[in-house]
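*Asks:* structure of the sequence below:
(one chain, ligands or ions: 2)
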Amino acid sequence: MANDSQDVFERIEREKEDYLEELKDFLRIPSVSTDPEHNDDVLRCAAFVEEKLSAAGLEAETIATNGNPLVYAEWSGAPGKPTILFYGHYDVQPPDPLDEWRNPPFEPTVEGDQLVARGATDDKGQSFAQIKAVASILAERGSLPVNVKFLIEGEEEVGGEEIDKFVHADGGTKLSCDAVVISDSSMFAPGQPCLLYGLKGLAYMELKVVGPNQDLHSGTFGGAVANPANALATIISRLWNAETGRIEIEGFYDDVRPLEGWEREQWGQLPHDEQEYCRNLGIEEGFGEQGYTTLERCWGRPTIDVNGLYGGYQGQGAKTVLPSWAGAKVSMRLVPDQDPEKIARLFAEQVERIKPRGVTVEVKEIHGAQPVLIETRVPIADAATGAQEDIWGKSPFLIREGGSIPVVATFAQVLGVPVLLVGLGLPDDRLHSPNEKFNIGNFYNGIKTIVRLLDRAGA
Ligand code: BES
Ligand code: ZN
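*Replies:* Ligands and ions are numbered 1, 2, ... in the order given. Next up, the predicted model:
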C-alpha cells in the first residue's frame, strides 16, 4: 500500500474526534516558556508529548537541558528507507492581553470549524498533527514506510538556545536524517498550500532609559530634568524614517541580500489583494519601506518594531508625574546575510549616538535568530509537494515568510539536509494574539498531508 494512504485515511476519519480531544488536552497545559511561573507546566507539557510519542509506538525520551527539556523519539524499522526528522515546539507565547479572549486561553473552545486556544496553531496543533500522522500509520499497519525521528523543543518562542546547542553537539549522529520536516507556519491562503524557502532572523532588544533617582512631580521638576519617557520616545522616533520606512541605524543594511529579480516577479503574481488585507486588519493602508510591496516587506526586507513600551503612569485617569525610568522591547526581523549579533551591536551603538542628554540608556539583547534561505529543489521535496497536491488539489506556492524558527538555520547547517517547511495553519490564525485558533479541517487535513508525505517518501 506504499502509494495509497486510503487505509490510514479511513482510520483517521473514524478516530478524528478522539484526536481532537487529545489535542485539547495538550492545549490545556499552559506551557508559556517566557514566564518562569510556568516552569512546572512546561515540564508537564514535555511529559505529555513524550507520553503521546511512546503511546504511538516510538521509542521516546525526555532530554534534560540547561533550559526546558527536549523530547526525542524515533522509529527505525524501515532499513534502507529514508529517515525523516520531525521538529516542533510544545511551548507557547504568553496569552496576554487576557481580557481580549472570548474564552480563557487554556480552555480550548470549539467555535464552528475553529479550535480556539493559545498554541492551537503555534505550534501544538501543527506538531500534534505530525505526531498523529505517524501514530495513525503505526496503528493501522504496525510499521511506517520510512524511518522517523521527532525532536520537539520547549523554548522556541524564547529563542531556542538549548536545542541549538544540542544539535551542534550531536553533529548529526542521533539526529542523522535525510530531511527535516517542520509544520510551524501557515498555508498561503485557505486551500492553497505553500512550501517555505526562507525565514527571517531576529534581534530582540530591551531598552531601559534611566533619569532621576525617583519619580518626580511633573510641575515642580518638568522642563528642568530630562524625562526618561520623553527621551525614550525621541530615541525610538530616530530609529527609522517615518516617511520612507527606512531603518536609520548606521550599517544596518550593509549585509542585506537584495531580493532577486525572479522573486519580485513571482511574488508580484501571487494573489494578494491589498485592500482586503487592510480591511481584514482594520487599517486604512499598509506601511513599510518605500519601493517594496507588502509581500516583499514581509518576506524579504528587514524591519523594526516596538513590541512593548512602558514607564510612567499606566492607571486610570491622570497622574502628574515625571517617571524615573521608561523602557521598550524592540525587535528587528532580519534577512540574509544579516547577522543578529552584529545588528544588536549596531543597534546599541546607534542608541548611544541618538539618545538625548540627561538620561542614561541600558541596552540588552534578549534573544536572536539567524535568517535562513533553504534549497527546496531537492528530490525529497517532491514528497512534500506531492502530498500537498494530493490533499489540497493544488501545487504549493514556493514562498518565504516573515516569522522566525531559530533552529532551522542550525538544522540546515549542521545536518546538511533539506528542511521542508510544510505549514498547516492559515494566515488568519492569530498567532501570538488573543483568540489564536486552528481550523479543525486543517488539523485533519494536516494529519493526512503528513501521512501522504511519509507514504510518498517511502515509495
Ligand atoms: N511559528 C512561528 C514562526 C512562523 C510564524 C513562521 C508564521 C512562519 C509563519 C514561531 O513559533 C515563532 O513565532 N517564532 C518566534 C521566534 C522568536 C521568538 C525567536 C517569532 O518568529 O517571533
Ligand atoms: Zn511556532
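*Asks:* contacts only, for the closest residue to ligand 2 within the stretch 351-459 of the chain.
*Replies:* Ranked by Cβ to the ion, the top residue of the stretch 351-459 of the chain for proximity to ligand 2 is I405, at 6.6 Å. Quick note: C-beta positions are derived from backbone N, CA and C, even for glycine. By Cβ atoms under 8 Å, 6 or more residues apart in numbering, the residues touching I405 are 156, 160, 182, 184-185, 199, 369, 421.
*Asks:* how about a cut-off of 7 Å?
*Replies:* Contacts here follow Cβ atoms under 7 Å, 6 or more residues apart in numbering; on that basis I405 touches 156, 182, 184, 199.
*Asks:* the second one: neighbouring residues, count only.
*Replies:* Burial of I182 is recorded as 25 neighbouring residues (other Cβ atoms under 10 Å).
*Asks:* that one pairs with what?
*Replies:* On the basis of DSSP bridges, I182 takes part in beta bridges with Y87, L421.
*Asks:* for it, what are its contacts?
*Replies:* The neighbours of I182, taking Cβ under 7 Å, 6+ apart as the test, are 87, 405, 419-421.
*Asks:* tell me the residues of this structure that contact ligand 1?
*Replies:* Residues of the chain lying near ligand 1 by Cβ under 6 Å from any ligand atom: 122-123, 156-157, 159, 184-186, 202, 367, 369, 401, 403-406, 431.
*Asks:* buried ones among the residues you listed?
*Replies:* With neighbours counted by 16 or more other Cβ atoms under 10 Å, the residues of the chain next to ligand 1 contain buried members at 122-123, 156-157, 159, 184-186, 202, 367, 369, 401, 403-406, 431.
*Asks:* widest-spaced pair of the contacts of I182?
*Replies:* Greatest spatial distance in the contacts of I182: I405 and L420, 12.4 Å, computed using Cβ to Cβ.
*Asks:* hang on, the earlier thing: the residues of the chain next to ligand 1 in strands, which ones?
*Replies:* Using DSSP state E, the members of the residues of the chain next to ligand 1 that fall in strands are 202, 367, 369.
*Asks:* please name the bridge partners of the last one.
*Replies:* When you say that, I think you mean A369. Here A369 sits in beta bridges with L202, as judged by DSSP bridges.
*Asks:* my guess is it meets G201, correct?
*Replies:* Yes. A369 lies in contact with G201 (Cβ atoms under 7 Å); the separation is 4.9 Å.
*Asks:* residues touching whichever residue of the stretch 201-350 of the chain sits closest to ligand 1, list them.
*Replies:* Proximity of the stretch 201-350 of the chain to ligand 1 (Cβ to the nearest ligand atom) peaks at L202, 4.8 Å away. Shown in contact with L202 (Cβ under 7 Å, 6+ apart): 331, 333-334, 340, 368-369, 404.
*Asks:* now those in JSON lines, with pLDDT and distance to D390?
*Replies:* Converted to JSON lines, the contacts of L202 look like this (pLDDT from 0 to 100; distance: Cβ to Cβ, whole Å):
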{"residue": "S331", "pLDDT": "98", "distance to D390": "38"}
{"residue": "R333", "pLDDT": "98", "distance to D390": "33"}
{"residue": "L334", "pLDDT": "98", "distance to D390": "35"}
{"residue": "P340", "pLDDT": "98", "distance to D390": "38"}
{"residue": "G368", "pLDDT": "94", "distance to D390": "38"}
{"residue": "A369", "pLDDT": "96", "distance to D390": "32"}
{"residue": "S404", "pLDDT": "97", "distance to D390": "29"}
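*Asks:* please indicate which of those residues are buried?
*Replies:* Neighbour counting by 16+ other Cβ under 10 Å classes 331, 333-334, 340, 368-369, 404 among the contacts of L202 as buried.
*Asks:* quick one: the helices in the stretch 51-200 of the chain?
*Replies:* Assigned by DSSP state H, counting those that start in this stretch, the stretch 51-200 of the chain shows helices spanning 124-141, 161-170.
*Asks:* most packed of those?
*Replies:* Highest mean neighbour count among the helices of the stretch 51-200 of the chain (mean count of other Cβ atoms under 10 Å): helix 124-141, with a mean of 25.
*Asks:* check contacts around the residue of the stretch 101-250 of the chain found nearest ligand 1.
*Replies:* Using Cβ to the nearest ligand atom, S185 is the residue of the stretch 101-250 of the chain that sits closest to ligand 1, at 3.4 Å. Counting by Cβ under 7 Å, 6+ apart, S185 makes contact with 196, 401, 403, 421, 423, 425.
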